[in-house]
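Engineer: Here is my input; please provide its structure:
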Amino acid sequence: MSAQEADQEPLWVKTPVANLVRYKPSGTYFARAKVGGKLIRKSLKTTVFSTAKIKLNDALKEEQQKLERITTVAAGKMTFTDAWKIHQARLENDPDLKRSTKKYHQEILVALKKSWPELGQLDLRKITKSDCLNWRANFVKDYAGTRVNGAISLLRRVIDIGVESGVRYDNPAKAVPRAKVHFKQLALPEPEQFERFIQAVEGGGSGKSRHCANLVRFLAYSGFRVGESANITWKDCDFTKGEIIVRGDSETGTKNWGVRRIPMIREMRQLLNKLESERPADTKDIAVMTVHECQKAMNRAAKEIGIPRITHHDLRHLFATRCIESGVDIPTVSRWLGHKDGGALAMKVYGHLRTSIRLLWLNW
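Structural biologist: This is a model prediction of the structure:
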């Protein structure tokens, strides 16, 4: 076939189903229809005809709903729910947002609507500064500062959509003050207490007690989030460079994108060497940890030795605290923890430790 003939060959192929076409070069099916007098073409992201037929109706329905929202805005009417749907569509179409972030927005919306039941059907034009302040006064009674601030941010973003659309000229939620966040007072065990704590976890009597103790060590010697620890494999442990690699993506427990490297301190190297010798058949793709959480075991152990309850996240604090007390600067510790704020959060949580630097159990 000549180049000229190829150029004349149609790229779009009709199917027996109305509004369903196939893009010949890739074989991908598309919805093609007029919605509100405008021709739209939307990929159904499949090359399977039977699947395309199923997805077609949903795609056309979504486009129709978009048109209805546009019509609503044009008429000068927009409810909070109308604006939320637009906000939600933006979230879903943002490739840079993690699934956990999208889930967080949904959780915040549920809390917001629970505390303000009539909000969803309210016309954005009729929401006042007084309404927003009254809502906040009630909301702070039931939620922590971080959740309050999350709800305020969401309220502002959704109402901003009304401002962008010309429904109203101001955003009354911007007058709502953010809540003061009170950081948890750290009550972490000293090295001797920590050793007794691990021994109590290991001696718990369960078939998984030893594995739980290993997880406690793994978290305390690395600062991993518990969700991250479940995804660390042997190939992520670089004994030559003395570091462990944490790979961030939308499916793991990693909060922030990207890859970071954690130094393999002496205690961590000893733990990994011990596990390697116990599990010689493990391949590089096998997860290092065989259990993914151990809160019940830690609760029992803390009670047994008479110290305050310790959580998985407290072990992350323990790692950071010991690093700083051993002379590591806060911005460096912040990077090891995976923070993206240049150390601002770490400074708030651990800043007081700068005046009490003392060498403990880390050996770099």
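
Engineer: Show me the residue sitting in the middle of this structure in space.
Structural biologist: What sits nearest the mean C-alpha location of the chain, by CA atoms, centre = their mean, is S100, with 3.3 Å.

Engineer: That residue in helix, strand or coil?
Structural biologist: Following DSSP: H, G, I helix; E, B strand; the rest coil, the label given to S100 is helix.

Engineer: Equivalent analysis for the one 3 residues further on, please.
Structural biologist: Following three-state DSSP, the label given to K103 is helix.

Engineer: Quick one, grab the pLDDT at it.
Structural biologist: Here the pLDDT value assigned to K103 is 85.

Engineer: That one: how many residues sit nearby?
Structural biologist: Neighbours of K103 under the rule other CB atoms under 10 Å: 10. C-beta: built from backbone N, CA, C; applies to glycine.

Engineer: report the longest strand in this structure, please.
Structural biologist: Using DSSP state E, we find that the single longest strand of the chain is strand 28-35.

Engineer: quick one: contacts for H182?
Structural biologist: Listed by CB atoms under 8 Å, 6 or more residues apart in numbering, the contact set of H182 reads G145.

Engineer: How much space separates it from A31?
Structural biologist: 51 Å (CB to CB, to the nearest Å).

Engineer: Next: E202.
Structural biologist: From E202 across to A31, the span is 58 Å (CB to CB).

Engineer: before we move on, what about K45?
Structural biologist: Distance, K45 to A31, using CB to CB: 11 Å.

Engineer: now do D94
Structural biologist: 22 Å.

Engineer: ok, those two, which is more surrounded?
Structural biologist: Using other CB under 10 Å as the criterion, D94 and A31 rank with A31 on top: 22 against 11.

Engineer: what's near enough to touch the nearest residue to that one once chain neighbours are set aside?
Structural biologist: In space, and not counting its chain neighbours, A31 is closest to A59: 4.2 Å by CB to CB, 6 or more residues apart in numbering. Residues counted as contacts of A59 (CB under 8 Å, 6+ apart) are 31, 42, 44.

Engineer: what's the burial count for the last one?
Structural biologist: Which is L44. Using other CB under 10 Å, L44 has 21 neighbouring residues.

Engineer: Could you check how far it is from R90?
Structural biologist: Distance from L44 to R90, by CB to CB: 21 Å.

Engineer: where do the strands sit along this structure?
Structural biologist: Under DSSP E, the chain gives strands at 12-14, 20-23, 28-35, 38-43, 237-238, 243-248, 258-263.

Engineer: Quick one: list the elements packing against the first one.
Structural biologist: Read that as strand 12-14. strand 20-23 (3 or more CB pairs under 8 Å, 6 or more residues apart in numbering; DSSP states H and E).

Engineer: Check the average confidence over the strand it packs on, would you?
Structural biologist: For strand 20-23, mean pLDDT rounds to 92.

Engineer: Would you mind listing the outside residues contacting that strand?
Structural biologist: 11-15, 28-32, 41, 52-53, 56.

Engineer: Report the strands that pair with that strand, each with its relative direction.
Structural biologist: Counting by DSSP bridges, the strands paired with strand 20-23 are strand 12-14 (antiparallel), strand 28-35 (antiparallel).

Engineer: With respect to burial, which of those scores highest?
Structural biologist: strand 28-35 (a mean of 18; mean count of other CB atoms under 10 Å).

Engineer: export that strand as CSV, just CAs?
Structural biologist: Taking Å, rounded to 0.1, in the frame of the first residue of the first chain, the C-alpha atoms of strand 28-35 are listed here in CSV:
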residue,chain,number,x,y,z
THR,A,28,-9.2,0.9,21.0
TYR,A,29,-12.9,1.6,21.1
PHE,A,30,-14.4,5.1,21.6
ALA,A,31,-17.8,6.5,22.5
ARG,A,32,-18.8,8.9,19.7
ALA,A,33,-22.0,10.9,20.0
LYS,A,34,-23.5,14.4,20.1
VAL,A,35,-24.2,15.6,23.6
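
Engineer: how near is K98 to H105?
Structural biologist: From K98 to H105 the distance is 11 Å (CB to CB).

Engineer: what do you get for Q193?
Structural biologist: For Q193, the distance to H105 equals 40 Å [CB to CB].

Engineer: okay, the two: which has more neighbours?
Structural biologist: Taking other CB under 10 Å, Q193 and H105 do not tie; H105 has more neighbours (18 against 15).

Engineer: To what extent is R279 buried, counted in neighbours?
Structural biologist: Neighbours of R279 (other CB under 10 Å): 12.

Engineer: Can you report how many residues neighbour the spatially closest residue to it that is not a sequence neighbour?
Structural biologist: Using CB to CB, 6+ apart and skipping the chain neighbours, the partner closest in space to R279 is I286 (7.8 Å). I286: 12 surrounding residues under other CB under 10 Å.

Engineer: Tell me which residues touch I286, please.
Structural biologist: 233-234, 279.

Engineer: ok, the residue nearest to V48 when sequence neighbours are not counted - contacts?
Structural biologist: Once flanking residues are discounted, V48 sits nearest to Y29: 8.0 Å by CB to CB, 6+ apart. Counting by CB under 8 Å, 6+ apart, Y29 touches 15, 20-23, 43-44, 46-49, 52.
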